[in-house]
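>>> got a sequence here, can you model it:
(chains A and B)
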Protein chains: 2
Amino acid sequence: MKELKERILKEGKAVDEEVLKVDSFLNHKVDPKLMQAIGRDFAGHFKDQGITKVVTIESSGIAPALMTAFEMQIPMVILKKHPSRILNDDLLQTEVMSYTTKIGYELSLSSHQIGESDHVLIVDDFLANGEAVTGAMRLMRMAGATIAGLGIVIEKSYQPGRDKIVSQGVPVYSLARIRHMEKDRIEFYPDEEE
Amino acid sequence: MKELKERILKEGKAVDEEVLKVDSFLNHKVDPKLMQAIGRDFAGHFKDQGITKVVTIESSGIAPALMTAFEMQIPMVILKKHPSRILNDDLLQTEVMSYTTKIGYELSLSSHQIGESDHVLIVDDFLANGEAVTGAMRLMRMAGATIAGLGIVIEKSYQPGRDKIVSQGVPVYSLARIRHMEKDRIEFYPDEEE
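Just a heads-up that it's a prediction; the model follows:
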């Protein structure tokens, strides 16, 4: 997605090969017009597949996922990292271990919100090692739902996330695929559909 | 807001006088069309006030805040409860203590994203005791920004949050104001602008 890649090159900051700061339009300050463009791109790519819900993981995935769900005219479901005391009956949970921090957390879903009749699109802001998304996929299977695919805003393609997901038979569609990153230098793959 | 109140009565669940579950359209599963209607209502109410940014607190406020920012054609800024290692330079922080859980957390903002030229609208899903929003207002003042007002989706008007905010001179506009709540019973105030 040309507009997104230009924005990453202009405003993003590659701190090292691990960390890309996109705080000025995606993760901290958020550009709603860009989120709409992202939502339209995902909705177009995954159209006519019978998708019933867009699923995301709190909290940086919520903005692009909401706009995708809006464009597809279906609900969004937010998987919780910190289940509140309000969200406590019929809770499905799975542990996710962060590759970088080595800290684990429970990803949670109420079984009232997703079930066997659902065919979901999972949307997230970043794909790197794929732990969070793998946890989301486990939760979908626990709920009996099927997975149409993954919509990723920024993929660090030199990390193992994509292969991990694709090897489970789930298509991954990423709007900006980073081939190589080092301090102050970002190199993309060409767009999948260009 | 008629549509919202009807939705709360139809799908919300009053567990006791403290806890209202709105997991099927606002906090866990999210209805993007309703979020758009909420965004339009806030944008209409706060129009022509020179607002430069919509500010919210992760994560349940993000969906209504994004749609408000979209309608107002301005950016949204997400205050973080769990600052990542990516969000670490020029960080403004303030402690928020939860009235119900008595657990504190640091609310964080990068000073790059909001400054002295900003006049902000704070949007959140719930207003009860007002701790989170009071923390957000402190952060805005630390950043040198001014506050146009607060847009709240659901206000528990029998709790002290509203008075706490209004006594600081900040207008509060809530789309559904609950006058009284007990198990399986919810009673609203009439709409402010009906």
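>>> residues of chain A that sit close to chain B?
By the rule CB under 8 Å from any CB of the partner chain, the part of chain A lying against chain B is A:15, A:19-21, A:23-24, A:27-33, A:35-36, A:53, A:58-59, A:62-63, A:66-67, A:69-70, A:73, A:75-78, A:80, A:84-87, A:101, A:110, A:112-113. For the C-beta atoms, the positions are set from N, CA and C on the backbone; glycine is no exception.
>>> ChimeraX command to pick out the buried ones of the residues you listed?
In ChimeraX, this line selects whichever of the residues of chain A next to chain B come out buried by 16 or more other CB atoms under 10 Å in any protein chain shown:
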select /A:15,19,20,21,23,24,27,28,29,30,31,32,35,36,53,58,59,62,63,66,67,69,70,75,76,77,78,80,84,86,87,110,112,113
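>>> inside helices: which ones of the residues of chain A next to chain B?
Among the residues of chain A next to chain B, DSSP state H puts A:Pro32, A:Lys33, A:Met35, A:Gln36, A:Ile62, A:Ala63, A:Leu66, A:Met67, A:Ala69, A:Phe70 in helices.
>>> show the contacting residues for the nearest residue to the first one once chain neighbours are set aside.
In this structure, A:Pro32 finds its nearest non-sequential neighbour in B:Phe70, 3.8 Å apart by CB to CB, 6 or more residues apart in numbering or on different chains. B:Phe70 makes contact with A:Pro32, A:Lys33, A:Met35, A:Gln36, B:Gly39, according to CB atoms under 8 Å, 6 or more residues apart in numbering or on different chains.
>>> let's have those residues in TSV, adding pLDDT and distance to B:Ser157.
Output for the contacts of B:Phe70, formatted as TSV (pLDDT from 0 to 100; distance: CB to CB, whole Å):
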residue	pLDDT	distance to B:Ser157
A:Pro32	98	30
A:Lys33	98	35
A:Met35	98	32
A:Gln36	98	34
B:Gly39	98	22
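>>> which of these sits closest to A:Gly169?
The nearest member of those to A:Gly169, counting by CB to CB, is A:Met35 at 28.8 Å.
>>> just the element for the spatially most central residue of chain A, please.
By CA atoms, centre = their mean, chain A has its centre lying nearest to A:Asp124, at 1.3 Å. Element membership for A:Asp124 (DSSP states H and E) is strand A:119-127.
>>> how big is the angle separating that strand from helix A:62-72?
150 degrees (axes from the mean of the first three to the mean of the last three CA atoms, to 10 degrees).
>>> how far does strand A:119-127 sit from its chain's centre?
Averaged C-alpha coordinates place strand A:119-127 at 4 Å from its chain's average position (CA atoms, centre = their mean, to the nearest Å).
>>> shaky segments in chain A?
Chain A contains residues with pLDDT under 70 at A:83-89, A:192-194.
>>> how about a cut-off of 90?
A:81-90, A:97-105, A:191-194 (pLDDT under 90).
>>> that one: strands as residue ranges?
Under the criterion DSSP state E, chain A contains strands at A:13-14, A:20-21, A:29-30, A:53-57, A:76-79, A:91-97, A:104-110, A:119-127, A:146-156, A:172-182, A:185-188.
>>> can I get those strands in TSV including distance to B:Ala143?
TSV is the format used below for the strands of chain A (distance: least, CB to CB, whole Å):
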stretch	distance to B:Ala143
strand A:13-14	20
strand A:20-21	19
strand A:29-30	12
strand A:53-57	28
strand A:76-79	27
strand A:91-97	33
strand A:104-110	29
strand A:119-127	24
strand A:146-156	27
strand A:172-182	30
strand A:185-188	29
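>>> and B:Val172, which of those is closest to it?
Here strand A:29-30 is closest among the strands of chain A (CB to CB), at 23.6 Å.
>>> any idea how far that closest one is from the middle of the chain?
17 Å.
>>> with stretch A:155-170 instead?
For stretch A:155-170, the distance to the chain centre is 12 Å (CA atoms, centre = their mean).
>>> hmm, who's touching it?
By CB under 8 Å, 6+ apart, stretch A:155-170 touches A:17, A:20, A:126-130, A:133-134, A:137, A:147, A:149-150, A:172, A:174, A:176-181, A:189.
>>> filter those to the buried ones?
A:20, A:126-130, A:133-134, A:137, A:147, A:149-150, A:172, A:174, A:176-178, A:181.
>>> who's the closest residue to A:Gln113 other than its chain neighbours bridged to?
Nearest residue to A:Gln113 in three dimensions, chain neighbours excluded: B:Lys29, at 4.4 Å (CB to CB, 6+ apart). When bridges are called by DSSP bridges, B:Lys29 pairs up with A:Val77.
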